[in-house]
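Student: structure of the sequence below:
(chains A and B)
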Amino acid sequence: MQGNFIERHIQEDLGADTQRLQTRFPPEPSGYPHIGNAKGIWINFSLAAQFGGKCNLRIDDTDPTKENMAASVEALKDGIRWMGFKWDGFFYASNYFDKLYEFAVTLIKKGKAYVCDLDGEQLRDYRGSFTQPGKNSPFRERSVEENLNLFTRMKAGEFENGARTLRAKIDMASPNMNMRDPVIYRIIHHEHYNAPGWCIYPTYDYAHPLSDAIEGITHSLCGVEFEDHRPLYEWCVENVGGFDPAPRQIEFGELNLTNAILGKRFIRKLIEDGVIGYWDDPRLVTLAGMRRRGYRPAALHNFFEAAGVAKSIANVDISVLEQFVRDDLAQDSKVVMAVLDPIKLVITNYPEGQTEMLEMPNNPKNPEMGTRQIPFGRELYIEADDFTETPPPKYHRLYPGNEVRLAGAYFVTCTNVIKDESGKITEIHATYDPATKSGSGFSQRKVKGTIHWVCAERAVPIQANLYSYLVFDDENAEEGFVFNPNSLVVAENALAEPSIKQAAPDDRFQFMRNAFFCLDAKDSAEGKMTFNRIVELKSSFK
RNA sequence: UGGGCUGUCGCCAAGCGGUAAGGCAACGGACUUUGACUCCGUCAUGCGAAGGUUCGAAUCCUUCCAGCUCAGCCA
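Tutor: Prediction:
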């Protein structure tokens, strides 16, 4: 059986009974999910779907001091739904505080946990270092009765924050720091928004494996960063005991998107500094941001599928993501023309004052999407890039003497170039051949190049503000034109989202070459923040 | 610095002792109303390095190198 290593583990563990698979996605509610988190969502949910198993959404809210919980939970739910997944169970780790407390009592009774009076600094001292083993806490050998008594009083609120902790009794000499008697309960006098009445809270290392066990999770899939925690995960499950199935933690390599803005800490800072709008800023690869940019979930699924699942950390460039976005959009999006860097093309043998309407397919790959009428006239704008006076080898676009096709219109031959006194090209002159009209069946000669264009009379300049986007050239939007230099793809659904109108600027070719956003010249003049600038900022951030 | 993990083409990634899958990118060609799309074809005597075991090694052993990660009462 082919498949990634996680799929193989699942099959080995579950045999023919793969529908027993139970996974979970356990985010901490602190910020909006981004594409990195989305990989975890995708792995857990799609594996469950693939094997006929189940996947829970569990909010890991063991730390009551974290802020912004409610909003984050909604963002998480939105993101998961948007990706097309449904959770089978929805829980909070805080739902299990009672049980977790009982488990801790069990551990104490088994002599596996003890109340420690060391403070934070002492704890660090006693823990030792990478090269030196830790020292046993002087409180390590307290009697079960004393531990029980103290732990009860911790719960009752008799002690101050940080005065005591409950620690797992494992091995202070372990080379794995996580096993040096980790703290499993701490005193925090802070009301939990979802679980009132507590002043002691379990730590992640303790709550996570046991929450998995309580929910009957069979496979706990997480990032490789938790690899060192696996022995402790297993220790908790085994020493509390009695779980069937006992959950198994398997780690996968996280996704690292290069040239993208990732990392909640950094995003938060950008928002605080006013550099970007909010978590759903389209320049971000948060689920909300990508959604506003018109990405669709299928693109993400395909992307993750192609990137694969392995133990090494994948370093994928954002252009690969964009490739998948384009592939997805190209299927059924409206394809339109626009010019980003215009230069005037005058068709000297076309009657002055005349305009005609030409028919263009909405999507060349998909004739069922119909056609639209676009205006054509004597004066057009073409892409400055599509003309050169000195063509390099294999240049098939417009240059003096060369004939090209204007997409959806006629063949034109460049006759000459008009320049101003500084030598800058102001107009390109050409003649057209009426016989070559699109759809006429003309086949006497062929051209190597086809270029896009817009009718000068009907074109409208791009709006000059930071968060502008270009408008369609279809019947509903005569005001302007959207352009995609290569794939000519525009996401119709993106423009359906009202918020998209506030969307991103950015370096149009660097950021998303074929997207529907553009950087306005005035923005750069004013020094407003562009995507590349943010990436620079990011590298200086750490 | 001790531990753990990772290291196979520019980027991902199969491979699990029997003689290096696949995808993306790139390149060559065909086709084409954009150079996109599509279709053909090319693309690792090589698997971080060096030794060793074996008839045979990316796969086993040894040593070394590089990257990531761990010393929160965060997750």
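
Student: low-confidence regions, the stretch 51-200 of chain A specifically.
Tutor: Within the stretch 51-200 of chain A, no range satisfies pLDDT under 70.

Student: which residues of the stretch 151-300 of chain A fall in helices?
Tutor: A:204-215, A:230-240, A:264-272, A:287-292, A:297-307 (DSSP state H, counting those that start in this stretch).

Student: in TSV: these, plus mean pLDDT, mean neighbour count and distance to A:Arg142.
Tutor: (C-beta placed from N, C-alpha, C; glycine too.) Below are the helices of the stretch 151-300 of chain A laid out as TSV (pLDDT from 0 to 100; neighbours: other C-beta atoms under 10 Å; distance: least, C-beta to C-beta, whole Å):
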stretch	mean pLDDT	mean neighbour count	distance to A:Arg142
helix A:204-215	98	24	19
helix A:230-240	98	19	18
helix A:264-272	81	16	39
helix A:287-292	82	24	48
helix A:297-307	92	18	49
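
Student: with distance to A:Gly128 added, can I get the ones you listed in TSV?
Tutor: Output for those, formatted as TSV (distance: least, C-beta to C-beta, whole Å):
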stretch	distance to A:Gly128
helix A:204-215	18
helix A:230-240	17
helix A:264-272	28
helix A:287-292	41
helix A:297-307	39
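
Student: any idea how far the closest residue to A:Cys236 other than its chain neighbours is from RNA strand B?
Tutor: Distances taken as C-beta to C-beta, 6 or more residues apart in numbering place A:Pro209 nearest to A:Cys236, at 4.3 Å, with adjacent residues excluded. Counting by C-beta to the nearest atom of the strand, to the nearest Å, the gap from A:Pro209 to RNA strand B is 12 Å.

Student: follow-up on the earlier one: of all the helices of the stretch 151-300 of chain A, which one is nearest A:Ser422?
Tutor: helix A:264-272 (40.5 Å; C-beta to C-beta).

Student: name the helices or strands packed onto the closest one?
Tutor: helix A:531-541 (3 or more C-beta pairs under 8 Å, 6 or more residues apart in numbering; DSSP states H and E).

Student: ok, now which ones touch the residue nearest to A:Cys236?
Tutor: A:Ser220, A:Leu232, A:Tyr233, A:Glu234, A:Cys236, A:Val237, A:Pro247, A:Gln249 (C-beta atoms under 8 Å, 6 or more residues apart in numbering).

Student: next to RNA strand B, which bits of the stretch 51-200 of chain A? Give me the list.
Tutor: Neighbours of RNA strand B within the stretch 51-200 of chain A, by C-beta under 7 Å from any atom of the strand: A:60, A:62-63, A:66, A:118-120, A:123-124, A:127, A:129-131, A:161-165, A:175-178, A:182-183, A:186-188.

Student: can you rerun that using 6 Å?
Tutor: Contact residues (C-beta under 6 Å from any atom of the strand) of the stretch 51-200 of chain A with RNA strand B: A:60, A:62-63, A:119-120, A:123-124, A:127, A:129-131, A:162, A:165, A:175-177, A:183, A:186-187.

Student: PyMOL command to pick out the buried ones of the residues you listed?
Tutor: To isolate the buried ones among those in PyMOL, judged by 16 or more other C-beta atoms under 10 Å, type:
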select buried, chain A and resi 60+62+63+123+127+165+183+186+187
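
Student: next one: phi and psi at A:Glu379?
Tutor: phi -110, psi 130 (degrees, to the nearest 10).

Student: run a quick neighbour tally on it.
Tutor: Taking other C-beta atoms under 10 Å as the criterion, the count of residues near A:Glu379 is 15.

Student: and the nearest residue to it once chain neighbours are set aside, how far is that from A:Leu380?
Tutor: Closest residue to A:Glu379 apart from its sequence neighbours, by C-beta to C-beta, 6+ apart: A:Ala456 at 4.0 Å. Remark: distance between A:Ala456 and A:Leu380 (C-beta to C-beta, to the nearest Å) = 6 Å.

Student: what about these two, which has more around it?
Tutor: A:Leu380 (27 against 17).

Student: spit out the contact partners of that one.
Tutor: Residues counted as contacts of A:Leu380 (C-beta under 8 Å, 6+ apart) are A:Lys344, A:Leu345, A:Val346, A:Ile347, A:Leu406, A:Trp453, A:Val454, A:Cys455, A:Ala456.

Student: after the helix or strand harbouring it, heading C-terminal, what element do we hit next?
Tutor: Following DSSP states H and E, one finds A:Leu380 within strand A:379-383. Counting by DSSP H and E, the next helix or strand C-terminal to strand A:379-383 is strand A:403-406.

Student: what is the mean pLDDT for stretch A:451-463?
Tutor: Taken as a whole, stretch A:451-463 has a mean pLDDT of 69.

Student: mutual contacts of A:Ala456 and A:Leu380, please.
Tutor: Shared contacts of A:Ala456 and A:Leu380, counting by C-beta under 8 Å, 6+ apart, come down to A:Lys344.

Student: number of nearby residues for A:Glu74?
Tutor: 12.

Student: any idea how far it is from A:Ile80?
Tutor: From A:Glu74 to A:Ile80 the distance is 11 Å (C-beta to C-beta).

Student: got the residues of the stretch 201-350 of chain A near RNA strand B?
Tutor: A:203-204, A:224-225, A:227-228, A:253, A:306-308, A:310-312, A:314-316, A:320, A:323, A:337.

Student: quick one: which of those residues sit in strands?
Tutor: A:Ala314, A:Asn315, A:Val316 (DSSP state E).

Student: now those: which count as buried?
Tutor: For these, buried by 16+ other C-beta under 10 Å: A:Ala314, A:Val316.

Student: OK, contacts around the nearest residue to A:Ile214 once chain neighbours are set aside?
Tutor: Excluding its sequence neighbours, the residue lying closest to A:Ile214 (C-beta to C-beta, 6+ apart) is A:Tyr96, at 5.6 Å. Residues near A:Tyr96 by C-beta under 8 Å, 6+ apart: A:Ala207, A:Leu210, A:Ser211, A:Ile214.

Student: quick one: A:Tyr96 is in a helix?
Tutor: Yes: under DSSP: H, G, I helix; E, B strand; the rest coil, A:Tyr96 sits within a helix.

Student: if I look at it, how far off is RNA strand B?
Tutor: Applying C-beta to the nearest atom of the strand, the value for A:Tyr96 to RNA strand B is 13 Å.

Student: before we move on, what about A:Met360?
Tutor: Plainly put, A:Met360 is 8 Å away from RNA strand B if you go by C-beta to the nearest atom of the strand.

Student: got phi/psi on that residue?
Tutor: phi -130, psi 140.

Student: does the nearest residue to it once chain neighbours are set aside fall in a helix, a strand, or a coil region?
Tutor: In space, and not counting its chain neighbours, A:Met360 is closest to A:Gly408: 4.4 Å by C-beta to C-beta, 6+ apart. Following three-state DSSP, A:Gly408 is assigned to coil.

Student: how many other residues sit next to A:Gly408?
Tutor: Other residues close to A:Gly408 by other C-beta under 10 Å number 21.
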